[in-house]
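Enquirer: no letters, just coordinates:
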């Protein structure tokens, strides 16, 4: 259920300005959950990348945030959805340097390295959903060989 | 945007809109070419996050000032921002950095001799 | 089915719920005499009774929701913190987890006796069902306490691990504008994160243009460690500081070449002294051997 209380929220991503709201909301929610400064910064940056993807490639969409608990550890889960053209080749979209919209191509692959859990679903024609979760106090996951 | 001798000083603060960052890039290019500034110092100590978009803007500013025979120094990046950028995969190899504006001014002064020839010619006019 | 007469009515769960509500005071009084409550509430017996009542209320609520087997039942949330405090107090007093569990188990018989006394006319079958329900409920309460105790323990371990990491990462100021971190032990990803943060923070604090990461005390350098070192160096550079890696022992250098690990553009030196010499040279600081001009400073 979308509510505005606490970390539970659903934010529109339709413009530049919305990216600022997304960042502020994630920052606030992460601080409330007790994320350290570095982890806050990583999560906000990941949210910024993903929200921009939603805006630029998905033609706009939404971000939903929720608090999750797993064996006593709290986490923040962000879900970005759009109904854009979708991604035909996920493997390629996740690799560094790949871009179809004039960035540095760090969007998806970069965001994945900034969070603990990352999943993406995309079907050409129906849109893309990216879900990321970070856990309070957990060490960053080792970067896979690039 | 502040002018100190032949150095332009820019202070960024808070959460920047994409359009603000792009505007800055454009303004800087114009100001450098019209003023003949030799250096740009961008103080980002008040910036809480740098994502790939802002990272790209900084890299492009550095690149374009280099083309205009000037040098850009990015100053005061916070530790959390630096860690995140590296994790993101952005190490901004072409961008000069410094811990403080003072150090940046020193760096620009050291760098200045190679530009003196151009400077002298302007002064002789 | 027509309504049965009051007293024996309803399911065992509801019977137990009504019993708990009815006998709230007596149960709390008896618990206050049990070792667990006596040991935790040493100052005031009234306080022990109040705490006991809160637990009885929680049990009644859980029974009301018919979730006697569920440690996550909503009814337990109100007393979870109190139970955690009680469990923690007993652990601090030196009791093992098994002993705390034993003390929890001792809370059951007094309640059971009260329940049986309340069911003189009930059929043997009904009494047995009610006692079983109560036993299950009390067992679930024990699980809740143990869960809380375990997660408290885990939180303590996490805190200590973090403290240990911080203690194990001293940042030393070697000169004006030069800091050094001697790394000792294995570098896993949690440790690397702490090292990176500590080093970068001290770069800001000391306005250090140079930082030396000395890995003499790191037993092995694999690709993950090499990656951590390169990330730290890159982050320091973004902030405007140069990071030098020193203390790469010959054996480690050999393995690194073997593994094809490349520290890229990172400046490396064999020893901390060499690294300091390099940095001082960069800063334009000259070192004069006191022997050469005849003065001995000591």
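Expert: Alright, I've got the coordinates. All values derive from a computational prediction rather than experimental measurement.

Enquirer: what's the first helix or strand after the one helix or strand in chain A whose mean pLDDT sits lowest?
Expert: Every helix and strand in chain A was compared by mean pLDDT, DSSP states H and E; the lowest is helix A:90-94, with a mean of 74. Next along the chain after helix A:90-94, taking DSSP states H and E as the criterion, comes helix A:107-114.

Enquirer: what about that next one, near chain B?
Expert: Yes - residues of helix A:107-114 are located near chain B by C-beta under 8 Å from any C-beta of the partner chain, namely A:107, A:109-111, A:113-114. (Glycine included, C-beta is placed from N, CA and C.)

Enquirer: which member of those is positioned nearest chain B?
Expert: residue A:110 (4.1 Å; C-beta to the nearest C-beta).

Enquirer: the residue nearest the centre of chain A: what's it in contact with?
Expert: Closest to where the C-alpha atoms of chain A average out (C-alpha atoms, centre = their mean) is residue A:47, at 4.1 Å. Listed by C-beta atoms under 8 Å, 6 or more residues apart in numbering or on different chains, the contact set of residue A:47 reads A:22-23, A:26, A:63, A:78.

Enquirer: farthest pair within the residues you listed?
Expert: Maximum pairwise distance in the contacts of residue A:47, criterion C-beta to C-beta, is 11.4 Å, between A:23 and A:78.

Enquirer: which of those two has more neighbours?
Expert: residue A:78 (27 against 20; other C-beta atoms under 10 Å in any protein chain shown).

Enquirer: helix/strand/coil for that one?
Expert: In three-state terms, and counting by DSSP: H, G, I helix; E, B strand; the rest coil, residue A:78 is strand.

Enquirer: who does it form a beta bridge with?
Expert: residue A:65, residue A:132 (DSSP bridges).

Enquirer: the residue nearest to the centre of chain A in helix, strand or coil?
Expert: helix.

Enquirer: so who does the residue lying closest to it once chain neighbours are set aside touch?
Expert: In space, and not counting its chain neighbours, residue A:47 is closest to residue A:26: 4.3 Å by C-beta to C-beta, 6 or more residues apart in numbering or on different chains. Going by C-beta under 8 Å, 6+ apart, residue A:26 touches A:43-44, A:47, A:65, A:76, A:78.

Enquirer: so residue A:26: helix, strand or coil?
Expert: Applying three-state DSSP: residue A:26 is helix.

Enquirer: quick check, the residue in chain B closest to chain C?
Expert: Counting by C-beta to the nearest C-beta, chain B gets nearest chain C through residue B:79, at 3.5 Å.

Enquirer: quick check: phi and psi on that residue?
Expert: Dihedral angles of residue B:79 (phi, psi; degrees, to the nearest 10) stand at phi -50, psi -50.

Enquirer: now do it, the pLDDT please.
Expert: Note for residue B:79: predicted pLDDT of 97.

Enquirer: you'd agree it is up against residue C:241?
Expert: No - the pair residue B:79 and residue C:241 does not pass the contact test of C-beta atoms under 8 Å, sitting 10.4 Å apart.

Enquirer: now do the helices in chain B.
Expert: Under the criterion DSSP state H, helices of chain B are mapped to B:18-35, B:52-67, B:79-88, B:101-111, B:116-124.

Enquirer: so which of those helices is the most surrounded?
Expert: Burial of those is given as mean neighbour count (mean count of other C-beta atoms under 10 Å in any protein chain shown); helix B:79-88 ranks first at a mean of 25.

Enquirer: just give the closest residue to residue C:24, not the sequence neighbours.
Expert: residue C:56 (4.9 Å).

Enquirer: gap between that neighbour and residue C:31?
Expert: According to C-beta to C-beta, to the nearest Å, residue C:56 and residue C:31 sit 8 Å apart.

Enquirer: for residue C:138, same thing?
Expert: 11 Å.

Enquirer: same thing with residue C:181?
Expert: Distance from residue C:181 to residue C:31, counting by C-beta to C-beta: 54 Å.

Enquirer: and if you look at residue B:85?
Expert: Residue B:85 is 58 Å from residue C:31, by C-beta to C-beta.

Enquirer: tell me, how many residues neighbour residue 76?
Expert: The chain I'm using is chain A. 25.

Enquirer: sorry, I should have been clearer: chain C.
Expert: 24.

Enquirer: which element is whatever residue of the stretch 51-200 of chain C ends up closest to chain B on?
Expert: For the stretch 51-200 of chain C, the residue closest to chain B is residue C:200, as judged by C-beta to the nearest C-beta, at 3.5 Å. Assigned by DSSP H and E, residue C:200 belongs to helix C:189-206.

Enquirer: now do residue C:243
Expert: Short version, using DSSP H and E: residue C:243 is in strand C:242-246.

Enquirer: which strands and helices lie in contact with that strand?
Expert: strand C:210-217, helix C:223-239, strand C:267-269, helix C:272-283 (3 or more C-beta pairs under 8 Å, 6 or more residues apart in numbering or on different chains; DSSP states H and E).

Enquirer: and the next helix or strand along the chain from it, how far out from the chain middle?
Expert: Proceeding C-terminally, strand C:242-246 gives way to helix C:250-259 as the next helix or strand, assigned by DSSP H and E. Centroid separation between helix C:250-259 and its chain, computed with C-alpha atoms, centre = their mean, to the nearest Å, is 37 Å.

Enquirer: contacts for helix C:250-259, please.
Expert: C:215, C:218, C:220-223, C:226, C:248, C:263.

Enquirer: so for that helix, what gets flagged as buried?
Expert: C:252, C:256 (16 or more other C-beta atoms under 10 Å in any protein chain shown).

Enquirer: that one to helix C:223-239, inter-axis angle?
Expert: Put simply, helix C:250-259 runs at 100 degrees to helix C:223-239, going by axes from the mean of the first three to the mean of the last three C-alpha atoms, to 10 degrees.

Enquirer: and helix C:250-259, average pLDDT?
Expert: 82.

Enquirer: now do the closest residue in space to residue C:187 that isn't next to it in sequence against residue B:38, distance only.
Expert: Distance criterion C-beta to C-beta, 6+ apart; nearest residue to residue C:187, sequence neighbours excluded, is residue C:225 at 4.8 Å. Distance of residue C:225 to residue B:38, computed by C-beta to C-beta: 42 Å.

Enquirer: for residue B:109, same thing?
Expert: 10 Å.

Enquirer: helix, strand, or coil at the residue of chain A found nearest chain C?
Expert: Nearest to chain C in chain A, going by C-beta to the nearest C-beta, is residue A:139, at a distance of 3.5 Å. Assigned with three-state DSSP, residue A:139 falls in the coil class.

Enquirer: ignoring the adjacent residues along the chain, who's closest to it?
Expert: Using C-beta to C-beta, 6+ apart, the nearest residue to residue A:139 is residue C:190, at 3.5 Å.
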